[in-house]
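Asker: A structural model of the following input is requested.
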Amino acid sequence: MMWLALSVVLAILLIVRLSQPYWINWGSTRDEQQRLLPGDECHDHDWVKSTRGLTIRAESACIWPWLCQMGTGRGGFYSYTLLEHFLGRHTRNARSVHPEWQQVETGAQINLDQRGGLVVWDQIPNQYLLLVATPETRRGHPIASEPRTTWLFFLNPQADGTTRLIVRSATACGMSTWLHPILAPIIGLSSLIMEWKMLQSIRNMAERQPCSAMLAGMG
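Answerer: Take a look at the predicted model:
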């Protein structure tokens with residue numbers, strides 16, 4: 001029985017490992033995966049990275065407001081509410097743009113939960129939003145060390161009027177060399193579940209709500 005259980009575990013790990021190229025970079029092109037983006041300068045060789053994306057039939061200015069208002073106590077993260085609560089993030093996902101949440105300055109705190117979580121490391125409106133986490137930000141304190149997690153939302157306008165939303169996340173594992181090939185795919189797969197829902201929600205909301213009316217309401 002023990003050997004059967006071990007075989008099942010090894011088979012699952014093998015499947016996860018072999019399928020990694022698909023879900024670690026779900027929805028992104030090879031050029032997007034290889035492109036240098038803001039935040040890449042923080043990464044080291046042992047970081048678990050993913051580049052995911054999708055096409056949104058809207059201009060970047062119509063997508064940016066949804067990114068600005070992310071965070072617990074703000075617009076949420078547009079993912080699975082039950083899973084968010086399971087992770088201790090008692091957040092509610094907004095289904096409309098809120099003008100009071102549109103001011104996102106560099107250095108602003110973006111909470112994952114009541115303890116803190118992320119800080120705006122860099123941002124250019126309608127272009128990209130780079131969030132980072134350090135041991136301090138997880139306790140709601142100012143940054144005093146190098147980022148251990150980066151989370152980039154990059155808007156790439158296309159010639160046909162659509163926009164590619166690219167999300168690149170990376171986390172310093174700090175794990176042993178022999179564990180990295182085993183645990184890295186598992187960490188990446190778990191993040192896909194939440195990010196897939198987030199990307200789909202942002203696309204649906206940006207495409208559904210008329211951009212001109214949304215921007216006028218923010219003015």
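Asker: and the closest residue to Met194 other than its chain neighbours, what pLDDT?
Answerer: Leaving aside its chain neighbours, Met194 sits nearest to Ser79 (4.6 Å; criterion: CB to CB, 6 or more residues apart in numbering). For every residue, glycine as well, the C-beta is placed using N, CA and C. Model confidence at Ser79, given as pLDDT, is 90.
Asker: Tell me where this protein has helices.
Answerer: Counting by DSSP state H, one finds helices in the chain at the ranges 2-18, 20-23, 30-34, 60-68, 81-86, 180-208, 211-218.
Asker: averaging pLDDT over each of those, which comes out lowest?
Answerer: helix 2-18 (a mean of 56).
Asker: Could you measure from Thr150 over to Arg168?
Answerer: 8 Å (CB to CB, to the nearest Å).
Asker: shared neighbours of those two, which are they?
Answerer: Shared contacts of Thr150 and Arg168 (CB atoms under 8 Å, 6 or more residues apart in numbering): Gly39.
Asker: circling back to that earlier point, quick one, what contacts the residue nearest to Met194?
Answerer: For Ser79, the contact set (CB under 8 Å, 6+ apart) comprises 93, 194-195, 197-198, 201.
Asker: Throw those into CSV and include distance to Pro99, thanks.
Answerer: Shown next, in CSV, are those (distance: CB to CB, whole Å):
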residue, distance to Pro99
Asn93, 17
Met194, 27
Glu195, 26
Lys197, 25
Met198, 22
Ser201, 20
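Asker: Save these as JSON lines, and put in neighbour count and distance to Asn126 too.
Answerer: Output for the contacts of Ser79, formatted as JSON lines (neighbours: other CB atoms under 10 Å; distance: CB to CB, whole Å):
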{"residue": "Asn93", "neighbour count": "17", "distance to Asn126": "22"}
{"residue": "Met194", "neighbour count": "16", "distance to Asn126": "24"}
{"residue": "Glu195", "neighbour count": "21", "distance to Asn126": "21"}
{"residue": "Lys197", "neighbour count": "18", "distance to Asn126": "24"}
{"residue": "Met198", "neighbour count": "22", "distance to Asn126": "19"}
{"residue": "Ser201", "neighbour count": "18", "distance to Asn126": "19"}
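Asker: which one of those is nearest Trp66?
Answerer: Distance to Trp66 across those (CB to CB) is lowest for Ser201, with 8.6 Å.
Asker: quick one: that closest one from Val120, how far?
Answerer: Ser201 is 21 Å from Val120, by CB to CB.
Asker: Report whether the expected contact of Ile193 with Leu83 is present.
Answerer: Yes. Applying CB atoms under 8 Å, one finds Ile193 in contact with Leu83, separated by 7.3 Å.
Asker: What is the most widely separated pair among the contacts of Ser79?
Answerer: Across those, no pair lies farther apart than Asn93 and Glu195, at 14.2 Å, counting by CB to CB.
Asker: Was I right to think Arg57 contacts Leu165?
Answerer: No. Using CB under 8 Å, Arg57 is not in contact with Leu165; the gap is 11.3 Å.
Asker: Look at these two and report which has more neighbours.
Answerer: A count of neighbours by other CB atoms under 10 Å puts Leu165 above the other of Arg57 and Leu165, at 25 against 13.
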